[in-house]
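[1] Here is the input, now give the coordinates:
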Amino acid sequence: MGKTALFVFTDGLEELEAVAPLDILRRCGVECTVASQTGSLEVTGRNGITLKTDCYFKEVVDKPFDLVVLPGGPGVHALRNTPTLLQVLQRQASDGKPLAAICAAPTVLHDAGLLEGRSYTAHFTVADELPHIEEDSAVVVDGNIITSRGAGTAVEFGLTLAKILAGEDTAKEVADSIHYRAGS
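    Purely as a prediction, here's the structure:
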């Protein structure tokens, strides 16, 4: 059985942070489920792009996934106010499975009590809440917690997730196929 990933989308998400890692993981053969945290299967991002999800988040809260991914953007506030999501994140962490958050979404991991004593990064706009952001790192991996800075780091974030779920060779094949070169 292949690896699985759950992406939790909400209105106001940062589209690039949602689509880039989703696209990369699908290219790697990861079975990705995109769940809407809203009352609609369509979510509209901060830049007015509407994305269609596969299901409602409430339909998958009891389903196990190898990875849970949270895009950032202003919509993160809705994710932070979803107690069921915090419980899913805590269960994922207690099972030792990876959790990934980009931009402002590491605040959701913080709300779930998962960043204490961990290295992480996030968008500079949440530095008041997350004062230990590693500002010089595009992506930080600390055990099963993977965090990234923002839209400009979304491809590197996705490729890091690909390495974790699909392996170094597959991630490199995908990076080569999309002409990704770190630092270029």
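[2] hey, let's count contacts and neighbours off CA atoms from now on
    Fine.
[3] name the element the residue nearest the centre of the chain belongs to?
    Nearest residue to the geometric centre of the chain (CA atoms, centre = their mean): residue 69, 2.8 Å. Element membership of residue 69 [criterion: DSSP states H and E] is strand 67-70.
[4] Can you give the distance of that strand from its chain's centre?
    Offset of strand 67-70 from its chain centre (CA atoms, centre = their mean, to the nearest Å): 4 Å.
[5] for stretch 47-67, same thing?
    Relative to its chain's centre, stretch 47-67 lies at 12 Å (CA atoms, centre = their mean).
[6] Could you pull up phi and psi at the residue lying closest to residue 55 once chain neighbours are set aside?
    Nearest residue to residue 55 in three dimensions, chain neighbours excluded: residue 35, at 4.9 Å (CA to CA, 6 or more residues apart in numbering). Backbone torsions of residue 35, given as degrees, to the nearest 10, read phi -110, psi 130.
[7] Could you check how far residue 35 is from residue 47?
    For residue 35, the distance to residue 47 (CA to CA, to the nearest Å) stands at 19 Å.
[8] More neighbours: those two, which one.
    residue 35 (24 against 12; other CA atoms under 10 Å).
[9] Run through the bridge partners of that one.
    Taking DSSP bridges, one finds residue 8, residue 55 as the beta-bridge partners of residue 35.
[10] Next: residue 100.
    residue 69, residue 146.
[11] thinking again about what came up before, is it true that the residue nearest to residue 55 touches residue 7?
    Yes: at 6.1 Å, residue 35 counts as touching residue 7 under the criterion of CA atoms under 8 Å.
[12] Right, I'll leave it there.
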